[in-house]
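Peer 1: Have a look; sequence and predicted model below, questions after that.
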Amino acid sequence: MTPPVSPAPIIRKLDDLRALTKTWKAKGETIGIVPTMGALHDGHLSLARMARAATDRVIVTIFINPKQFNNPDDLKNYPRTEHEDARKLASIGVDAIYVPDGAQMYPDGFSTTVSLDALTDVLCGAHRLGHFDGVATVVAKLLLQTSADQAFFGEKDYQQLLIVRRMAVDLDICATIVGCPTVREIDGLALSSRNLLLSDRARVKAPALSEVMQQITKGLAAGETMKTLTPAALTQLDNAGFGDVDYLELRAAADLSLLESPTEPARLFAAVWLAGVRLIDNIAI
Ligand code: PAF
């Protein structure tokens, strides 16, 4: 049966957002936010449900943040589905959808960048220069704009999760950053807004990424190292139709230092290109 629909108000102006959150705070209500760039999928909806369960009021933010795109075409092609996003969120019953525009977020004269010294120069940070400065800057602003008590992020972007957590601690922002498990398609492909950009043919090939990663996991569990496992994994990805591999690395879950084998809690990280679309994934070891 279709769940009951209760559309949330779409708020575009910071003043209106502040007026609303002020009334909630005055009643002692807690606020949970789910920062997104739209093109919402079940992964985002699971974050919204977690926020719904944990806090009195839930705001989903939708802002395609130009500062975190290092490639103008990537920004131009990023899927934009606001109407559909609002419809999906109605079934969860969030309290507000905050959709600021560029001028609202970065008014004339805007000149502050939040930049971290640690965690940002490896993995996606090494391949997308300036990306995490853009992420840290916009998330700091969203946490402050919404007066969030808790903010929910997917572990699919694990590096982003660690960076946001560090940034919030360093800047004394009083929001708890909550990491939530990656949601996958039935064939193992991690949900991502970018999956919408995959052609039908590429979509069929895409699950090979998580299969290869699972095989590496098994090899590591059997005592092999990344050095011995990586060549075969790269060949398998190539045979499966993938293009460039930006990285396929085992790193410490706490600080992203590079590992050969899981001598401490670790995650296997991958970023690979498939028919012009960059897919990322990571799994706990
Ligand atoms: O993960 C994303 O969608 C974005 O990086 C975020 C956290 C919404 C910041 O723009």
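Peer 2: Cool, got the structure.
Peer 1: tell me how far the ends of stretch 73-88 are from each other?
Peer 2: 27 Å (Cα to Cα, to the nearest Å).
Peer 1: And the next helix or strand past the helix ranked longest in the chain?
Peer 2: The longest helix of the chain (DSSP state H) is helix 131-146. Once the chain leaves helix 131-146, the next helix or strand it forms, by DSSP states H and E, is strand 150-154.
Peer 1: Show me which residues of the stretch 151-285 of the chain sit near the ligand.
Peer 2: 157, 160 (Cβ under 6 Å from any ligand atom). Glycine gets a C-beta too; all of them are placed from N, C-alpha and C.
Peer 1: need the strands for the stretch 151-285 of the chain, in chain order.
Peer 2: In the stretch 151-285 of the chain, the strands defined using DSSP state E, counting those that start in this stretch lie at 176-180, 245-252, 258-259, 266-274, 277-284.
Peer 1: Throw these into TSV and include mean pLDDT, thanks.
Peer 2: Formatted as TSV, the strands of the stretch 151-285 of the chain follow (pLDDT from 0 to 100):
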stretch	mean pLDDT
strand 176-180	98
strand 245-252	98
strand 258-259	98
strand 266-274	98
strand 277-284	97
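Peer 1: Could you double-check that residue 93 lies in contact with residue 6?
Peer 2: Yes: with contact defined as Cβ atoms under 8 Å, residue 93 reaches residue 6; the gap is 5.2 Å.
Peer 1: the more surrounded of those two?
Peer 2: When neighbours are counted by other Cβ atoms under 10 Å, residue 93 comes out ahead of the other of residue 93 and residue 6, with 16 against 12.
Peer 1: and that one, helix, strand or coil?
Peer 2: Counting by DSSP: H, G, I helix; E, B strand; the rest coil, the backbone at residue 93 sits in coil.
Peer 1: How confident is the prediction for it, by pLDDT?
Peer 2: Residue 93 is assigned a predicted lDDT (pLDDT) of 93.
Peer 1: which parts of stretch 98-109 are buried?
Peer 2: By 16 or more other Cβ atoms under 10 Å, the buried positions in stretch 98-109 come out as 98, 99, 100, 104, 105, 106.
Peer 1: Spell out whether that stretch and the ligand are in contact.
Peer 2: No: applying Cβ under 6 Å from any ligand atom, one finds stretch 98-109 out of contact with the ligand, separated by at least 9.9 Å.
Peer 1: ranges for the helices of this protein?
Peer 2: 14-26, 42-54, 72-77, 82-90, 102-105, 124-127, 131-146, 158-170, 200-205, 208-221, 226-239.
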